[in-house]
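A.B. asks: Have a look; sequence and predicted model below, questions after that.
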Amino acid sequence: GLMWLQHGGSLRHTSEQNDGVSRYGWLMHDGENFGVQEIRDEGLVLRTEFVKQPGGDHGGDWSWRVTVKMEGKGPAPLLSLFFYVATDGQGTLRPVLENRTRLAAVAGTAEELGDFTVTFLPPTGEGGEGPKYA
């Protein structure tokens, strides 16, 4: 899952009616293999995109991208994104660290999937440059 926090704001991990999020919803999806959703929250535009590559013994491989932009002009507020991972039922999870400081992946085992890995690529800014903080 994904949670986000703008400096001075509330920690969010869902978008619900009447919770102050100005707009949210799917921009496009096929219900199975890809989707693009957008959440607008106090000038923040949070876009998540996923695509599934079919194959393997358990349905395929998933890729997910999160893009954050600010509406309008002015300095971007300090923003934190939190990713969380859990298994349904029995399973194990193990963090995989890069340089003993950055979470590069989560390796795990689940009854339904067997062994799996969730990989986190380093964040990038517009044009491929690195973010101010990571």
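C.D. replies: Great, that's in hand.
A.B. asks: Domain map for this protein?
C.D. replies: Split into domains by the TED database, the chain comes to 2-84, 87-129.
A.B. asks: Tabulate those domains (TSV), appending mean pLDDT and mean neighbour count.
C.D. replies: Bear in mind the C-beta positions are built from the backbone N, C-alpha and C, glycine included. Converted to TSV, those look like this (pLDDT from 0 to 100; neighbours: other CB atoms under 10 Å):
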stretch	mean pLDDT	mean neighbour count
domain 2-84	85	13
domain 87-129	87	11
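A.B. asks: Which residues are in contact with His13?
C.D. replies: By CB atoms under 8 Å, 6 or more residues apart in numbering, the contact list for His13 reads Gly1, Leu2, Met3, Trp4.
A.B. asks: Distance check, it against Arg65.
C.D. replies: Distance of His13 to Arg65, given as CB to CB, to the nearest Å: 18 Å.
A.B. asks: can you check Gly25 too?
C.D. replies: Where Arg65 is concerned, Gly25 sits at a distance of 18 Å (CB to CB).
A.B. asks: cool, and Ala104?
C.D. replies: Plainly put, Ala104 is 17 Å away from Arg65 if you go by CB to CB.
A.B. asks: Trp4 pairs with what?
C.D. replies: Bridge pairing for Trp4 (DSSP bridges) gives the partners Arg12, Leu81.
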